[in-house]
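Peer 1: Give me a 3D structure for the following:
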Amino acid sequence: MLNNEFDLPWDVFSTCLGFDNSNIKIEHATKHMNKKEFWYKITGENYEGWQPRTSHICNPTLLFLHQGIGLTLFPRDDIRIVMEIDTRILFAMVHKIQISPVVEMAKHWIWASS
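Peer 2: Predicted coordinates for the structure are as follows:
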């Protein structure tokens, strides 16, 4: 950052961004997620390998939350596409699992800047 190198543990960085007392590894926190079952639960459609879209989500609250995820946490050109991390965050929200998306956000920032 600004030609300076910083070294912060993920939990401290997470706290600095406002994610207190949360699971830093989303994959671990959502390890019981079955993508096909969850997708059917929120859309009523069977996931068959095609790219999931925001328009398939039936619940207006989850639809709005997904758009927020695509605009703020993981900004991208096409927020209509539901990425794997988006699904995991929605799963955590539905099941009230506290998470911290900081590690995934940092991966996204590095990907977007390259």
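Peer 1: Residue 57 against residue 42, yeah?
Peer 2: Yes. Residue 57 is in contact with residue 42 according to Cβ atoms under 8 Å; the separation is 5.5 Å. For every residue, glycine as well, the C-beta is placed using N, CA and C.
Peer 1: which stretches of this protein have low pLDDT?
Peer 2: Low-confidence segments of the chain, defined by pLDDT under 70: 1, 21-23, 49-50.
Peer 1: In the protein, mark out all the helices, start to finish.
Peer 2: Taking DSSP state H to define them, one finds helices in the chain at 10-16, 26-29, 35-43, 60-68, 84-94, 102-113.
Peer 1: Relative to residue 13, how far out is residue 38?
Peer 2: Applying Cβ to Cβ, to the nearest Å, the value for residue 38 to residue 13 is 28 Å.
Peer 1: that older thread, now render the helices of the chain as TSV, adding distance to residue 51 and mean neighbour count.
Peer 2: Output for the helices of the chain, formatted as TSV (distance: least, Cβ to Cβ, whole Å; neighbours: other Cβ atoms under 10 Å):
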stretch	distance to residue 51	mean neighbour count
helix 10-16	30	15
helix 26-29	20	16
helix 35-43	12	15
helix 60-68	14	15
helix 84-94	11	19
helix 102-113	18	14
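Peer 1: Of all those, which one comes closest to residue 76?
Peer 2: Taking Cβ to Cβ, helix 102-113 is the member of the helices of the chain nearest to residue 76, at 7.8 Å.
Peer 1: Just want the angle from that closest one to helix 84-94.
Peer 2: Angle, helix 102-113 to helix 84-94, by axes from the mean of the first three to the mean of the last three Cα atoms, to 10 degrees: 150 degrees.
Peer 1: is it true that residue 40 touches residue 47?
Peer 2: Yes. Because the distance of 7.1 Å satisfies Cβ under 8 Å, residue 40 is recorded as touching residue 47.
Peer 1: Please consider this matter closed, and thank you.
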